[in-house]
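Enquirer: The amino acid sequence is not available; the structure is as follows:
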């Protein structure tokens, strides 16, 4: 079993599949207001795929035990961002930024290149445990978003907000 978060006050660890599914459902609900329910669902499903990485799971358990002091956590965002790059490239931006803010497409590509090996390893495990991570027929981006760069920017920011809020709410529920 893989975990999204360490033990709460009840001593329970947050199951990763449950977290991904809950964030996917909530992001979809939030994104439905601006015609992006399906995209929101997949953003939620992809946002923490990197937590399947053995390095992240070791980090989580070591942090819980108090033995991971002073070191940065392993990346957990690149795996989902890599999936988004294959499906609808701009969707990688909210995934990369969901803990820290949106960057530029140039920064995203450079960052992804630096994390590609860890992302690949995590994705292999994620696909084995969560085969539904890829949409069957791609994702439909609303036509007005495709035609207007300003609308596309706003659309990504709304998706980012929906994802961050959904992730925060589910994590808060766990703790």
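Expert: It's in. Fair warning: this is a prediction, and the values are worked out from it, not measured in the lab. Residues are numbered from 1 along each chain as shown.
Enquirer: what pLDDT, on average, does stretch 163-171 get?
Expert: Across stretch 163-171, pLDDT averages out at 98.
Enquirer: swap that for stretch 71-82, sorry
Expert: 92.
Enquirer: Then stretch 12-26?
Expert: So the average pLDDT for stretch 12-26 ends up being 97.
Enquirer: Can you give me the buried ones in it?
Expert: For stretch 12-26, the neighbour count (16 or more other CB atoms under 10 Å) marks 13-17, 19-26 as buried. Glycine gets a C-beta too; all of them are placed from N, C-alpha and C.
Enquirer: And stretch 165-175, by the same measure?
Expert: Buried residues in stretch 165-175 (16+ other CB under 10 Å): 166-167, 170-171, 174.
Enquirer: before we move on, the earlier item: just the ones in helices from the buried residues of stretch 12-26, please.
Expert: Of these, the ones assigned to helices by DSSP state H are 16-17, 19-26.
Enquirer: Tell me the one of the residues you listed nearest residue 62?
Expert: residue 16 (16.8 Å; CB to CB).
Enquirer: got the contact list for that closest one?
Expert: 1-4, 48, 51-52 (CB atoms under 8 Å, 6 or more residues apart in numbering).
Enquirer: Once you drop chain neighbours, what's closest to residue 45?
Expert: With sequence-adjacent residues excluded and distances taken as CB to CB, 6 or more residues apart in numbering, residue 45 is closest to residue 24, at 4.2 Å.
Enquirer: which residues sit against the lowest-mean-pLDDT helix or strand in the chain?
Expert: Among the helices and strands of the chain, helix 143-147 carries the lowest confidence by mean pLDDT, DSSP states H and E, at a mean of 85. In this structure, residues lying in contact with helix 143-147 by CB under 8 Å, 6+ apart are 151-152, 155.
Enquirer: Which strands and helices lie in contact with the following helix or strand past that helix?
Expert: Using DSSP states H and E, the next helix or strand after helix 143-147 towards the C-terminus is helix 149-174. Secondary-structure packing of helix 149-174 (3 or more CB pairs under 8 Å, 6 or more residues apart in numbering; DSSP states H and E): strand 3-5, helix 16-31, helix 37-46, helix 92-97, helix 143-147.
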